[in-house]
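*Asks:* I would like the atomic coordinates for the input below:
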Amino acid sequence: MNIKRVILSIGTAILLFPQTSHAQTSSPKPKIGYLLPAGGQHGTTVKIMLGGARITNSPEILVQDKGIRAKVEHACTTPRTERPRANERAAMRQAVDLAKRGAAITGELRDRLNDRPLLWPLRNPKLKPTQDEMQRITYEYLTDRQRVQASRDLAQTVLISLAIPANTKPGRHELRLRTPFGISDPFYFFVGQCPETLETEPGTEQQPMAPPLRLPICINGQIFPGDIDRYRFQAKAGQTLSLTAAARELKPFIADAVPGWFEAMITLYDPKGKEAAFSDCTQFRPDPTLVYTVPHDGVYTVELRDSLYRGRRDFVYRLTLQERPQATARTFTHTLASPESVNTHSFDAKKGRAVIIRTEARIYGSPMDTFVQVADVNGRVLAQDDDASAPFNVGLQTAFTDSYLKFTPPADGTYRALITDTEQQGGSEYGYELIIAPPDPGFDLYVTPSVITIGAGYSAPITFHVRRRDGFEGEIKLRLDGTSHGFDLDQATIPAGQHAITVVLNTPSTRIGREDRIALKFSGGANGAGVALSVPAIPADDWEQAFIYHHLVPTDSFQVSLNRPRGRPVQFTLAQQAPLRLDPARPTVVRMQSRLRQPDRALQFRLLHAPKGVSLTKSTFSNGRLELLFSSEKKIAECGNLVVEMLVTRTVTRAMSRDGGRLEIQQSMGVLPAIAYTP
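*Replies:* Residues are numbered from 1 along each chain as shown. Okay, the predicted model is just below:
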């Protein structure tokens with residue numbers, strides 16, 4: 001009998017769905033890939049299609065704003081392919097036609113409708129589908145489109161509703177989804193103030209949406225391969241219009257697409273069909289805004305597409321058409337007046353006393369790419385800098401062009417900071433801030449991921465990242481702040497000069513009352529220039545951009561989802577406390593002990609986190625004693641922690657096995673205590 005291997009997380013670590021005999025690893029958490037529509041008007045109830053992976057098993061919607069009421073309308077019980085088959089579409093079309101005429105849908109026809117969220121009003125005899133619901137079904141399933149690239153991360157769908165009170169704050173609101181797999185990373189929906197609508201296909205050049213829309217309006221849509229969505233609207237001479245697309249703002253990074261996000265473009269056509277204006281970005285923000293003063297009354301057409309004519313289900317947008325709102329651009333203290341300009345800022349300094357000179361421009365939306373030089377009174381350039389360096393990317397920026405320079409004066413006197421634009425540009429919008437000050441040694445601290453799912457009494461790895469500032473290179477002690485709820489950190493120190501450490505978070509041995517979702521806070525303590533520092537750790541998630549780049553995107557909180565453990569936790573203690581030395585000349589042995597002499601099933605061990613070239617070559621567990629054998633291909637340059645996961649295997653027969661065979665399910669039992677290593 002054929003045996004296939006599937007690794008399911010019951011508490012912490014991994015979920016493997018093998019394509020071949022070599023299984024591949026992915027996160028076990030539910031994952032939200034897109035929302036359509038991606039928001040709604042305050043004072044309304046909006047139905048949203050939520051697409052993603054591992055989201056259909058008893059989902060619950062968690063919204064940070066307690067005033068917004070969230071409800072799961074329906075979830076598919078089994079994953080479905082991206083596109084319905086021909087016989088499925090025929091049944092849908094017949095049911096929609098009957099519903100539009102007010103005729104009854106027969107039981108036989110209902111049985112032919114597959115389990116897709118939007119079809120629930122047609123499949124349930126107690127419900128009468130509304131016009132909007134039939135429009136959504138037609139748009140989603142019955143419109144001819146090019147073939148959509150299949151993606152496992154987008155294949156499952158859940159229909160939810162959000163009741164948004166009239167007093168809800170406009171803007172971005174955090175949403176998560178909880179299933180037995182745990183809590184998803186945060187995704188965001190947007191609350192707007194103007195009326196909203198959902199696109200209906202075709203919306204093409206040959207047949208734009210009709211009749212013309214009335215402004216203001218927010219259009220929620222989705223771009224598929226080759227799509228060009230067009231919308232007509234009425235405008236009057238003298239109106240100054242603002243046409244704004246939110247695309248990258250809805251999903252900041254896409255791992256498997258270049259340039260790493262949906263790159264929306266807006267084109268405006270006049271009543272005669274002639275191109276009137278175009279926008280593909282807002283300065284250096286990828287989402288475009290087009291501002292246009294209408295010369296003549298008439299029906300205008302706005303077109304939205306992807307710059308490379310790509311598309312799939314997570315290419316979702318919100319296109320807002322309105323009269324130009326009040327300007328909200330940041331006002332800068334300094335401006336580079338023209339491309340030829342060289343701004344000069346004088347400052348006094350003492351010999352040997354370092355001065356930090358840095359600019360803030362692109363980080364606040366200025367198009368300026370600053371270049372800083374320090375010159376003496378004779379005009380001799382003593383130091384210069386173009387772009388500040390950083391060990392990792394934080395936030396949504398992809399071009400880091402602000403300057404940072406540490407200057408140590410060779411003598412007492414007056415010096416000049418010379419500011420120019422690297423690309424030899426300038427103008428009224430080329431603003432910047434300039435900071436000239438003594439060094440202020442310190443650091444910024446981040447923790448990833450922002451949510452973990454784990455069983456009570458188990459342990460899980462989390463990673464702290466540090467951005468050091470103004471020469472601070474000291475050791476950083478990590479700790480839990482406020483109420484720890486019985487959690488604690490193992491080997492929680494970032495060594496001097498290093499930028500990251502993976503540590504082990506231990507959970508309490510029992511669930512905390514009736515709570516199964518707990519917010520934790522962390523901080524880092526250190527000494528900088530003789531001053532005690534205490535810096536809160538900012539929760540963040542690691543987003544991948546275009547196959548290679550990574551960005552830490554901050555979130556609102558760090559959360560732990562405590563599951564009821566399946567199987568008794570196996571707890572170990574290290575037999576040695578001194579940091580491990582990984583020697584490439586010979587294997588290194590680590591010994592641990594457990595009160596549990598022999599678990600219910602044989603334990604297996606896997607190395608989750610280690611420097612490149614280090615591997616776990618052998619593990620032996622007998623009579624409460626564990627021995628791990630590590631090998632290293634080369635000498636290790638930094639300190640850190642080895643993190644080893646425990647697994648047990650059981651074999652079951654599952655309906656999901658196509659050939660009726662057995663499945664080997666590896667259940668995570670958490671991780672061992674962190675094993676500190678040193679060069």
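*Asks:* where in the chain is pLDDT low?
*Replies:* 1-27, 77-83, 144-150, 201-210, 325-329, 511-515, 564-567, 598-601, 652-663 (pLDDT under 70).
*Asks:* Would you mind giving the secondary structure of the residue of the chain most remote from its centre?
*Replies:* The C-alpha centroid of the chain is most remote from Asn378, which lies 50.4 Å away (C-alpha atoms, centre = their mean). At Asn378 the chain is in coil, as set by DSSP: H, G, I helix; E, B strand; the rest coil.
*Asks:* Distance of it relative to Gly413?
*Replies:* 10 Å (C-beta to C-beta, to the nearest Å). In short, each C-beta sits where N, CA and C put it, glycine included.
*Asks:* So which residues of the stretch 401-550 of the chain form helices?
*Replies:* Per DSSP state H, counting those that start in this stretch, the stretch 401-550 of the chain carries no helices over any range.
*Asks:* Could you tell me how many residues sit around Glu433?
*Replies:* Glu433 has 17 neighbours, counted by other C-beta atoms under 10 Å.
*Asks:* Can you tell me, leaving aside adjacent residues, what's nearest to it?
*Replies:* Distances taken as C-beta to C-beta, 6 or more residues apart in numbering put Glu360 closest to Glu433, at 4.2 Å, once the chain neighbours are dropped.
*Asks:* who touches that neighbour in this structure?
*Replies:* Glu360 is in contact with 402, 432-433, 435, counting by C-beta atoms under 8 Å, 6 or more residues apart in numbering.
*Asks:* Please report the distance of it from Ser622.
*Replies:* 60 Å.
*Asks:* ok, now Thr168?
*Replies:* 60 Å.
*Asks:* So these two - more neighbours on which side?
*Replies:* The neighbour comparison of Thr168 against Ser622 (other C-beta under 10 Å) goes to Thr168, with 19 against 9.
*Asks:* right, and the more buried one touches Val191 too?
*Replies:* Yes. The criterion here is C-beta atoms under 8 Å, and Thr168 meets it with Val191 at 5.1 Å.
*Asks:* shared neighbours, these two?
*Replies:* Shared contacts of Thr168 and Val191, defined by C-beta under 8 Å, 6+ apart, are found at His42.
*Asks:* Not counting its neighbours along the chain, what's nearest the spatially most central residue of the chain?
*Replies:* For the chain, the residue nearest the mean C-alpha position is Trp543 (4.9 Å; C-alpha atoms, centre = their mean). Residue nearest to Trp543 in three dimensions, not counting chain neighbours: Phe253, with 4.1 Å by C-beta to C-beta, 6+ apart.
*Asks:* Now the one you found: which helix or strand?
*Replies:* Phe253 belongs to no helix or strand when assigned by DSSP states H and E.
*Asks:* coming back round to it: check the gap between the residue farthest from the centre of the chain and Ala257 for me.
*Replies:* Counting by C-beta to C-beta - Asn378 and Ala257 are separated by 53 Å.
*Asks:* and what of Thr197?
*Replies:* Thr197 is 27 Å from Ala257, by C-beta to C-beta.
*Asks:* And the two? Which one has more around it.
*Replies:* Ala257 (20 against 17).
*Asks:* I'd like to know how far that one sits from Lys406.
*Replies:* On the measure of C-beta to C-beta, Ala257 and Lys406 end up 38 Å apart.
*Asks:* Now do the helices in the protein.
*Replies:* 86-101, 107-112, 120-123, 131-141 (DSSP state H).
*Asks:* Give me the residues contacting the first one.
*Replies:* Translated: helix 86-101. 84, 104-105, 109-110, 112-114, 119, 122, 128-129, 134, 137-138, 141-142.
*Asks:* any idea how far Ile217 lies from Val316?
*Replies:* Relative to Val316, and taking C-beta to C-beta, Ile217 is found at 17 Å.
*Asks:* So which of the two has more stuff around it?
*Replies:* Val316 (23 against 17).
*Asks:* Check the contact between the more buried one and Arg248; I expect there is one.
*Replies:* No. Between Val316 and Arg248 there is no contact, the gap being 10.7 Å when judged by C-beta under 8 Å.
*Asks:* Could you name every residue contacting both of those two?
*Replies:* Common neighbours of Val316 and Arg248 (C-beta under 8 Å, 6+ apart) are Phe262.
*Asks:* Can you report how many residues neighbour Gln131?
*Replies:* Count around Gln131 with other C-beta under 10 Å applied: 9.
*Asks:* Report the separation between it and Ala99.
*Replies:* 9 Å.
*Asks:* Gly474 - nearest residue in space that isn't next to it in sequence?
*Replies:* Per C-beta to C-beta, 6+ apart, closest to Gly474 is Ala526, 4.9 Å.
*Asks:* Check the contact between the one you found and Lys477; I expect there is one.
*Replies:* Yes. Here Ala526 reaches Lys477: they are 6.9 Å apart, a contact under C-beta under 8 Å.
*Asks:* In terms of neighbours, single out the busier of those two.
*Replies:* Between Ala526 and Lys477, counted using other C-beta under 10 Å, Ala526 has the larger neighbour count: 23 against 14.
*Asks:* The more buried one bridge partners, please.
*Replies:* Ala526 has these beta-bridge partners by DSSP bridges: Leu533.
*Asks:* and it, what is it in contact with?
*Replies:* 443, 472, 474-477, 532-533, 535.
*Asks:* let's go with 10 Å and repeat that
*Replies:* 441-443, 445, 466, 468, 472-477, 494, 496, 532-535 (C-beta atoms under 10 Å, 6 or more residues apart in numbering).
*Asks:* and what of Arg123?
*Replies:* Per C-beta under 10 Å, 6+ apart, neighbours of Arg123: 74, 95, 105, 109-116, 129.
*Asks:* and what of Ala237?
*Replies:* 293-298.
*Asks:* Which of those sits closest to Gly395?
*Replies:* Taking C-beta to C-beta as the measure, Gly395 lies nearest Thr293 of these, at 33.6 Å.
*Asks:* Look up the closest residue to that closest one, ignoring the ones flanking it.
*Replies:* Nearest to Thr293 is Thr240, by C-beta to C-beta, 6+ apart, at 4.8 Å.
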